[in-house]
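S.K.: based on what follows, work out the 3D shape:
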Amino acid sequence: MSLLKPLADRVLVKPSPAEEKTASGIIIPDTAKEKPLKGEIVAVGNGKPDEPLTVKVGDTVMYGQYSGTEIKLDGDTYLVMRESDIYGIIG
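M.R.: Residues are numbered from 1 along each chain as shown. Here you go, the predicted structure:
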């Protein structure tokens, strides 16, 4: 697997899968699924000299709906985004 090594304050996020069903059990078709707003950090940059990164590999994070740039690596979809696009760490 060839993972991307982000630079500076960028991170690589593996988005969580979109919800397949509602809480009441209704199956959501692919066309109606909302883009997930959380995911797991799989790689981090080195940060900036005056701004060290506060997230680390393995953290589950929440981010904005339009955050990051979607890329495909080895058939999987990832998002590359700046740490400032992350709202917070879950858990």
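S.K.: what's across from the residue most central in space within the chain in the sheet?
M.R.: The residue lying closest to the centre of the chain (CA atoms, centre = their mean) is V13, at 3.1 Å. As for beta bridges, V13 partners with I41, L79 under DSSP bridges.
S.K.: just confirm P6 is within a helix.
M.R.: No: P6: not assigned to a helix; according to DSSP: H, G, I helix; E, B strand; the rest coil it is coil.
S.K.: wait, isn't it in contact with L12?
M.R.: Yes: taking CB atoms under 8 Å as the definition, P6 is a contact partner of L12 at 5.4 Å. Every residue, glycine included, has its C-beta placed from N, CA and C.
S.K.: between these two, which contacts overlap?
M.R.: 43-44, 80 (CB atoms under 8 Å, 6 or more residues apart in numbering).
S.K.: which of the residues you listed are buried? Put it as a ChimeraX command.
M.R.: Selecting only the buried entries of those in ChimeraX, with 16 or more other CB atoms under 10 Å as the criterion:
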select :43,44,80
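S.K.: with distance to Y87 as added columns, please give the shared contacts of P6 and L12 in a markdown table.
M.R.: Converted to a markdown table, those look like this (distance: CB to CB, whole Å):
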| residue | distance to Y87 |
| --- | --- |
| A43 | 19 |
| V44 | 17 |
| V80 | 17 |
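S.K.: residue contacts, the residue nearest to the centre of the chain?
M.R.: 39-42, 61, 63, 68, 78-81.
S.K.: ok, and the most crowded of those?
M.R.: G39 (24 neighbours; other CB atoms under 10 Å).
S.K.: now that one: phi and psi?
M.R.: phi -170, psi -180 (degrees, to the nearest 10).
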